[in-house]
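Colleague: turn this into a model:
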Amino acid sequence: MTYTDLFYEIKGKFMGADVSDIQEHLAFEFDIEDEEAGGAFYVEVKDGQLYVEPYEYYDRDAMFICTPEVLMKIADGEMDPVAAFTAQKLRVEGNIDKALRLKEIIEQKKKEMKKEEKASKKETNGAKEEKETKRETKKDLKNKSAGK
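Modeller: Residues are numbered from 1 along each chain as shown. Below you'll find the model as predicted:
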């Protein structure tokens, strides 16, 4: 995986998180330690909007340093950032209080993904029920026309 691949995959995981209730400015830089996918990018919350860009952020609140694997697990919600820090899989430099806000953003994104999943399941179930109803209606019509 290249840096570009990693960046766009992570950006896709973060974007869409509703951060409208976060009114303070947050700026996080992620430094990825890897020969192929190594590099830096930032996540910023500004005026209730989320930005993810492939640049260093010099006036950041906190910097997270980890491998691509750890970052992917954190972004997917499979690994708690605090647990990763405690296990020394994630290093954090800067304002720890603001760094902890990253967990909120990830949890918000997970909630939104679950909502989307539920809505998708409802649509799928609704479509299945509709097909079943059409099938039963066709069967009833055939039976009536056959004189049953």
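Colleague: all helices for this structure, in order.
Modeller: For the chain, the helices defined by DSSP state H occupy 3-14, 68-75, 81-86, 96-99, 101-145.
Colleague: between the ones you listed, which one is nearest to Asp61?
Modeller: helix 96-99 (4.0 Å; CB to CB). The C-beta positions use only the backbone N, C-alpha and C, and glycine is treated the same way.
Colleague: buried ones in that closest one, by neighbour count?
Modeller: Applying a neighbour-count criterion of 16 or more other CB atoms under 10 Å, one finds 98-99 buried in helix 96-99.
Colleague: over to stretch 95-114?
Modeller: For stretch 95-114, by 16+ other CB under 10 Å, it's 98-99, 101-102, 105-106, 108-109.
Colleague: over to stretch 6-20?
Modeller: Result for stretch 6-20 [16+ other CB under 10 Å]: buried residues 6-7, 10-11, 13-14, 17, 19.
Colleague: dump the residues you listed to a markdown table, plus distance to Glu36 and pLDDT.
Modeller: Converted to a markdown table, the buried residues of stretch 6-20 look like this (distance: CB to CB, whole Å; pLDDT from 0 to 100):
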| residue | distance to Glu36 | pLDDT |
| --- | --- | --- |
| Leu6 | 9 | 94 |
| Phe7 | 12 | 95 |
| Ile10 | 15 | 92 |
| Lys11 | 18 | 94 |
| Lys13 | 19 | 88 |
| Phe14 | 21 | 87 |
| Ala17 | 27 | 83 |
| Val19 | 30 | 89 |
